[in-house]
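for reference, the sequence and a predicted model appear below.
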Amino acid sequence: MWHLPRTELPEQVCKLCGARSHLIAAHLGVCLACIRSRPQEALEIADAAHAAARRLFGLPERPPRTEEGRRCGLCAQDCVIGEGERGFCGLREVRDGKLRHLAGTPDRGLLHWYRDPLPTNCVADPFCAGHTQRGKHNLAVFYAACTMDCLFCQNWHFRESDPFHSDKLTASQLAEAANPRTYCVCYFGGDPASQMPHALAASRLLAERGIVICWETNGTAHPRLMDRALDLSLATGGCVKFDLKAFDDNLHRALTGASNRRTLANFARAAARFDERPEPPPVVASTLLVPGYVDAEEVGRVARFIADLDPRIPYVLLGFAPHFFFPDLPRTSVRHAEEAEAAARAAGLTRVRIGNRHLLSRDY
């Protein structure tokens, strides 16, 4: 296995227990052991870390819960937005008592797209028909907003998009970007959950042209919207790839600023439909192996959850590279990845692979 050379790693200190380690992210400020054993205290520190990160981009520090406000309801954050406030994703605001959608409706999508030659680096690529479609391409649609706040986000630049002044695309304009060599479309970001009405409208138009519909999502969209997304994938031969960042809700909240309850519930709903079209698999899961936080124990918990639903569901373990507010962590180590893979298989899953192998290191 090819891997990157060892690098010098700084030690950080946990603000709760005082432990020193190069597997503690300075901005988060707490270690995994404290998140698990002292969650209330750890989450207070994590919440402050998320608030500070969001302030830098002019985003609401927390989902608004204003009494007498206007409810959005499109995702798990379930924002109740007061006059002059914006929702957590930054795409909804209330003016003159009315909920205003800055983007994410069929006539306004905040996104960019590009043509990605097949086979591509899609997480689900080994399990789908796209990797045999040489000469064709994937229409990669990057939505510039998100319903979570991952401190390790590799695509964090979407936070610099201006929903007030940036150009928008209608669903029809996006669908027109497809050409005779377009085999599939994949929505990611950011996350499509923040703009599902737009993505679904575009998908219906693309599906009419025989294009395969795929999604990469944190799974926080309203269940009815997730059902419609899966309907389109099942009908066209595509898949929904869920990013299961952690099974422990406290750890998930520390890393992403959001609960995983909606994600797990939506994943279970989708998994229950696996037999409607087992091949190519309509549901795929992945977990990013964040050093110091998402260890083999946590992967085993995620894998047991998946296996209890259906052990045939593919599970991809992704190597981590330093990004955003976790620049001081190392790349995922070979040992970490192999232990996580073994834990996933021991939990009963039969289709487990390590992705992003080129990122793996010997740093710990």
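Cool, the structure landed.

check contacts around Leu16.
Listed by CB atoms under 8 Å, 6 or more residues apart in numbering, the contact set of Leu16 reads Val30, Cys31, Cys34, Arg38, Glu41, Ala42, Ile45. Where C-beta positions appear, they are placed from N, C-alpha and C, glycine not excepted.

could you find the closest non-adjacent residue to it?
For Leu16, the nearest residue in space outside its immediate sequence neighbours is Cys34; the separation is 4.3 Å by CB to CB, 6 or more residues apart in numbering.

what about the one you found, which SS state?
Under the three-state scheme (DSSP: H, G, I helix; E, B strand; the rest coil), Cys34 adopts helix.

kindly tell me how buried it is, as a neighbour count.
Counted with other CB atoms under 10 Å, the burial measure for Cys34 works out to 21 neighbours.

related to what we said a few turns ago, quick one: the contacts of Leu16 as CSV, columns for secondary structure and distance to Leu234 too.
Supplementary listing: the contacts of Leu16 in CSV, determined by DSSP: H, G, I helix; E, B strand; the rest coil; distance: CB to CB, whole Å:
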residue, secondary structure, distance to Leu234
Val30, coil, 41
Cys31, coil, 42
Cys34, helix, 42
Arg38, coil, 43
Glu41, helix, 44
Ala42, helix, 40
Ile45, helix, 42
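
now the two most distant members of the residues you listed.
Distances among the contacts of Leu16 were taken as CB to CB; the most separated pair is Cys31 and Glu41, at 11.9 Å.

so between these two, which is more surrounded?
Comparing Cys31 with Glu41 by neighbour count (other CB under 10 Å), the higher total belongs to Cys31, at 26 against 15.

which non-adjacent residue is nearest that one?
Counting by CB to CB, 6+ apart, the residue nearest Cys31 is Cys14, at 4.1 Å.

model confidence for the one you found, exactly?
The model reports Cys14 with a pLDDT of 98.

gap between it and Phe152?
As judged by CB to CB, to the nearest Å, Cys14 and Phe152 stand 17 Å apart.

show me the contacts for the residue nearest to Cys17 when sequence neighbours are not counted.
The shortest distance from Cys17 to any residue other than its chain neighbours is 5.4 Å, reached at Cys34 (CB to CB, 6+ apart). With contacts defined as CB under 8 Å, 6+ apart, Cys34 is in contact with Cys14, Leu16, Cys17, Glu41, Ala42.

Throw those residues into CSV and include distance to Ser203, thanks.
Converted to CSV, these look like this (distance: CB to CB, whole Å):
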residue, distance to Ser203
Cys14, 44
Leu16, 45
Cys17, 48
Glu41, 44
Ala42, 39
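
those residues: which two are farthest apart?
Looking at those by CB to CB, the two members farthest from one another are Cys14 and Glu41, with 10.8 Å of separation.

got a markdown table for the contacts of Leu16, with distance to Ala265 too?
Below are those laid out as a markdown table (distance: CB to CB, whole Å):
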| residue | distance to Ala265 |
| --- | --- |
| Val30 | 27 |
| Cys31 | 29 |
| Cys34 | 27 |
| Arg38 | 27 |
| Glu41 | 28 |
| Ala42 | 24 |
| Ile45 | 28 |
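
which of the residues you listed sits closest to Met226?
Of all the contacts of Leu16, Ala42 has the smallest distance to Met226: 29.8 Å, by CB to CB.

quick one: residues contacting the nearest residue to Gln195 once chain neighbours are set aside.
Once its chain neighbours are removed from consideration, Gln195 has its nearest residue in Gly104; the separation is 3.6 Å (CB to CB, 6+ apart). Going by CB under 8 Å, 6+ apart, Gly104 touches Leu74, Leu91, Arg92, Leu110, Ala145, Ser194, Gln195, Met196, Pro197, His198.

now with 6 Å, please.
Applying CB atoms under 6 Å, 6 or more residues apart in numbering, one finds that Gly104 lies in contact with Leu91, Gln195, His198.

the second one and Tyr143 touch, don't they?
Meaning Gln195. Yes - A contact is recorded between Gln195 and Tyr143 when judged using CB atoms under 6 Å, the distance being 5.0 Å.

higher neighbour count, these two?
Neighbours around Gln195 and Tyr143, counted as other CB under 10 Å, are more numerous at Gln195. The numbers are 32 against 29.

the more surrounded of Cys14 and Phe152?
The residue with more neighbours, out of Cys14 and Phe152, is Phe152; 25 against 20, by other CB under 10 Å.

helix/strand/coil for the more buried one?
Secondary structure for Phe152, judged by three-state DSSP, is coil.

now the helices for the stretch 151-300 of the chain?
Defined through DSSP state H, counting those that start in this stretch, the helices belonging to the stretch 151-300 of the chain, from first to last, are 171-176, 196-207, 223-236, 249-256, 261-271, 296-309.
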